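**Q** take a look and give me a structure for this.
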Amino acid sequence: MSFPLTGAPKDVPDTAGGTSAQEGTDLVDLRDKIEKNECYARNESSRYPMTNLFIGDSRLGCQSDADEELILHIVFQEFVKLKFLKFTEFNQGAESDLRPTRIHIFVNRNNLGFEDIQDVEPTQTLELTAADLSENADPIELKYVLFQRVKSITLFVEENAGGEVSALGGLKILGRTTATTNMNDFKKQG
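**A** Now for the predicted structure:
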């Protein structure tokens with residue numbers, strides 16, 4: 001399932017696929033375009049790793065370990081254009097003080113760690129409320145012009161609602177693929 005590029009989608013598509021999605025004309029869930037072996041998280045709990053964000057069960061989710069700060073680095077298989085992010089609260093909001101309240105987003109910045117992330121200007125900063133993280137909330141619209149040629153994003157959870165650690169129940173990344181040239185499609189001449 002995919003969505004036209006106008007307005008915030010009410011339902012989040014399940015997978016990236018289909019002819020129009022592959023041509024980059026419709027919004028899709030970019031989960032299938034993530035290069036999982038290149039993604040990483042800093043300060044994640046071993047019981048609640050980043051990979052849980054894409055399962056669809058908010059009871060599993062992702063939690064920070066030592067304090068409220070958490071870095072999630074997500075790499076895509078190809079360049080994409082991002083339009084919306086959909087965050088879901090951990091465990092359906094049962095522990096509301098764990099929900100992130102400020103998340104900084106960085107585009108195409110590799111190897112950011114806690115020692116240097118404060119020195120880099122974020123591409124966009126999101127101030128989140130409990131309503132933004134509800135299961136039924138609309139996805140959060142990004143400044144589309146800043147997310148046109150994205151190979152990776154880094155999400156820095158800087159603050160939460162007062163808990164010792166931060167937690168997210170799910171993450172959906174909505175956007176579209178960009179047209180690229182596959183050199184394997186060319187035949188050798190001569």
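
**Q** report pLDDT for residue 178.
**A** Looking at residue 178, its pLDDT stands at 88.

**Q** for residue 187, that is, sorry about that
**A** 63.

**Q** in this protein, which spans are helices?
**A** Remark: helices assigned in the chain by DSSP state H are 19-22.

**Q** I'd like to know which helix or strand in it has the lowest mean pLDDT.
**A** Within the chain, no helix or strand scores below helix 19-22, which has a mean of 42 by mean pLDDT, DSSP states H and E.

**Q** how long is stretch 132-147 from one end to the other?
**A** 20 Å (CA to CA, to the nearest Å).

**Q** buried residues in that stretch?
**A** Going by neighbour count (16 or more other CB atoms under 10 Å), the buried part of stretch 132-147 is 132, 133, 137, 139, 140, 142, 147. Yep, even glycine has a C-beta here, placed from its N, CA and C like the rest.

**Q** does the second one touch residue 86 like I think?
**A** No - shown here, residue 133 and residue 86 do not form a contact pair, counting by CB atoms under 8 Å, at 9.4 Å.

**Q** next step: the buried residues of stretch 132-147 restricted to strands.
**A** If you go by DSSP state E, the buried residues of stretch 132-147 have residue 140 in strands.

**Q** ok, the buried residues of stretch 132-147 vs residue 28, which is closest?
**A** Residue 28 lies nearest to residue 139 out of the buried residues of stretch 132-147, by CB to CB, at 12.4 Å.

**Q** tabulate the buried residues of stretch 132-147 in TSV, adding columns for pLDDT and distance to residue 121.
**A** Output for these, formatted as TSV (pLDDT from 0 to 100; distance: CB to CB, whole Å):
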residue	pLDDT	distance to residue 121
132	97	23
133	97	25
137	97	27
139	98	24
140	98	20
142	98	16
147	98	15
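
**Q** ok, so of the buried residues of stretch 132-147, who is nearest residue 76?
**A** Residue 76 lies nearest to residue 147 out of the buried residues of stretch 132-147, by CB to CB, at 11.5 Å.

**Q** what's near enough to touch the residue lying closest to the closest one once chain neighbours are set aside?
**A** Closest residue in space to residue 147, ignoring its immediate chain neighbours: residue 82 at 3.9 Å, by CB to CB, 6 or more residues apart in numbering. Residue 82 makes contact with 30, 142, 144, 147, 150, 153, 173, 174, 175, according to CB atoms under 8 Å, 6 or more residues apart in numbering.

**Q** residues of the strand ranked longest in the chain that come out buried?
**A** The longest strand of the chain (DSSP E) is strand 70-89. Buried residues in strand 70-89, defined by neighbour count with 16+ other CB under 10 Å: 70-76, 80-89.

**Q** all strands of this structure, in order?
**A** With DSSP E as the criterion, the chain has strands at 28-29, 40-42, 62-63, 70-89, 100-107, 124-127, 140-141, 150-160, 167-177.
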